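A.B. asks: I'll drop the sequence and a predicted model, then ask my questions.
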Amino acid sequence: MSVKVIDGGVTAPSGFKAAGLRAGLKDGKTNKDMAMVYSEVPAVFAGTFTRNLVCAAPVQWDREILNKYGRAQAVVVNTAVANAATGTEGLANSEATAKEAGKLLGIPAETVLVASTGVIGFQLPMEKILKGVNLLVPELKSDRESALMAAEAILTTDTHKKEIAVEFEIDGAICRIGAMSKGSGMIHPNMGTMLCFITTDVDIDQALLLKELRKIVDETYNMVSVDGDTSTNDSVIVLANGKAGAPRITGEGPQLKTFTEALLTVCTYLAKQTAQDGEGATRLFTAHVTGAPDRETARTLAKSIITSNLTKAAIFGRDANMGRLLCAMGYSGAKYDPSLVDVTMCSEAGSIQLVKGGFMPAFSEEEALKILSPAEITAEVEMHQGNVEATAWGCDLTYDYVKINADYRS
């Protein structure tokens, strides 16, 4: 049985419940603003977190749990306030949130993770946060609707929910991975996306899960950029509770290969969703570099292309200005021979070669406009200098990106 995408989110794997609702964290709004994910049994916990030195209090709390225990059973998520740059009071508030959830769920506070997203520099409205925790616990359910409610409740400037579930088989047992994420702006991770919560009923060694997660994050979320800003709160959290009944995965082998294929499917989908839903974005922009001499060169070039503001603006304007793309490659710091590079722009409307052997040949502007008009555009960059490839995902740069971020606090 191969990896199969199914309808579902974080409640798809056995033994997981979720809830999402409005706790009223920000006056004048009507959106859901708090969510909870809960495993019926203690779960193996793996996570990757922001490398921003201005590190949010919830990230510090979760990282300590990861390093000390490597197990968790619940996650409490709030929007509106990031709880970053909040000092010792912010840390105390994260702990108080975990303690309240732990008390109501009947589990240790050290098994409750917390995550926050929103405006930096403000303290959490703790009366509302604790009220929200009390409202969430009775609403925890394992049905599809509860996963949808949770996925909606973690959004900020996102335009839609981001979730996925997959099903696969390990030694005759049907296993699942479910996930939800949020992220639209401040996306330039060096570990993961804004916030991503992954559940699975696979039984796996904690150190092995952490090792595999870090590798997959490096190939997916670390290859996404919307605006070049790395958040203070970036977190990718995986809970594995073993409820599927499959044998425990403790090392290399076909069981691990199947699991990592499934986890890669989930993370790739959510990474692309994040890029496609970039603030103000109208197009998903993919850079696929092939024929590179080594992995680092391929990755550096792909990311430089999708992070270039001038290239992103050209994608928005449907302008076949390959000088901007070549310029972005040239200043990336990667060592390569520019005279060997070919670039072909592709979409559902077709493909057109705009760079051949490092120079720009004559082409039809009308044909280029047609190919650059659909919602998904790919730059196929062939280096002719090796056999290594890499893919990065970004989006176009629009007027609306500035408008959204100029008014963010209001």
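C.D. replies: That came through, no problem. Residues are numbered from 1 along each chain as shown.

A.B. asks: For whichever strand or helix holds residue 256, enumerate the helices and strands it packs against.
C.D. replies: Residue 256 is part of helix 254-276, with elements assigned from DSSP states H and E. Judged by 3 or more Cβ pairs under 8 Å, 6 or more residues apart in numbering; DSSP states H and E, helix 254-276 is in contact with strand 162-170, strand 173-182, strand 195-200, helix 206-219, strand 284-292, strand 388-395. Heads up, the C-betas are built off the backbone N, CA and C, glycines and all.

A.B. asks: For the first one, output the C-alpha coordinates as CSV.
C.D. replies: Read it as strand 162-170. Extracted in CSV, the C-alpha atoms of strand 162-170 (Å, rounded to 0.1, in the frame of the first residue of the first chain):
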residue,chain,number,x,y,z
LYS,A,162,-4.1,24.4,5.6
GLU,A,163,-4.5,20.7,6.5
ILE,A,164,-3.8,17.3,5.1
ALA,A,165,-4.0,13.6,6.1
VAL,A,166,-2.4,10.5,4.6
GLU,A,167,-2.9,6.8,5.1
PHE,A,168,-0.3,4.0,4.6
GLU,A,169,0.5,0.5,5.8
ILE,A,170,3.3,-0.8,8.1
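
A.B. asks: for it, the distance to its chain's centre please.
C.D. replies: 16 Å (Cα atoms, centre = their mean, to the nearest Å).

A.B. asks: packing partners for it?
C.D. replies: By 3+ Cβ pairs under 8 Å, 6+ apart, strand 162-170 packs against strand 4-6, helix 144-153, strand 173-182, helix 254-276.

A.B. asks: In this protein, where is pLDDT below threshold?
C.D. replies: For the chain, the stretches with pLDDT under 70 are 1, 184-193, 226-231, 278-280, 404-405, 407-410.

A.B. asks: for the helices and strands packed on strand 162-170, which one ends up most surrounded?
C.D. replies: strand 173-182 (a mean of 25; mean count of other Cβ atoms under 10 Å).

A.B. asks: Just want the angle from that strand to helix 144-153.
C.D. replies: 30 degrees (axes from the mean of the first three to the mean of the last three Cα atoms, to 10 degrees).

A.B. asks: who touches stretch 293-308?
C.D. replies: 188, 223, 225, 228, 275, 285-290, 292, 311-312, 324-325, 327-329, 331-336, 379, 381, 383, 385-386, 388-394 (Cβ atoms under 8 Å, 6 or more residues apart in numbering).

A.B. asks: List buried residues within those.
C.D. replies: Neighbour counting by 16 or more other Cβ atoms under 10 Å classes 188, 223, 225, 275, 285-290, 292, 311-312, 324-325, 328-329, 332, 334, 336, 379, 381, 383, 385, 388-394 among these as buried.

A.B. asks: before we move on, back to that, nearest to residue 80, out of the helices and strands packed on strand 162-170?
C.D. replies: helix 144-153 (11.0 Å; Cβ to Cβ).

A.B. asks: what's the closest one packed up against?
C.D. replies: Going by 3+ Cβ pairs under 8 Å, 6+ apart, helix 144-153 lies up against strand 16-21, strand 34-49, strand 162-170, strand 173-182.

A.B. asks: need the contact list for residue 337.
C.D. replies: Contacts of residue 337 by Cβ under 8 Å, 6+ apart are 358, 385.

A.B. asks: Equivalent analysis for the one 10 residues further on, please.
C.D. replies: Residue 347 makes contact with 371, 372, 373, 374, 376, 377, 378, according to Cβ under 8 Å, 6+ apart.

A.B. asks: Out of those, which comes closest to residue 138?
C.D. replies: Of these, the one sitting nearest to residue 138 (Cβ to Cβ) turns out to be residue 376, at 42.0 Å.

A.B. asks: For the closest one, give its distance to residue 104.
C.D. replies: Look at residue 376 and residue 104: by Cβ to Cβ, to the nearest Å, they are 44 Å apart.

A.B. asks: out of the two, which sits in the more crowded spot?
C.D. replies: Counting neighbours by other Cβ atoms under 10 Å for residue 376 and for residue 104 shows that residue 104 has the greater number, 17 against 13.

A.B. asks: any idea which element residue 77 lies in?
C.D. replies: Assigned by DSSP H and E, residue 77 falls in strand 71-78.
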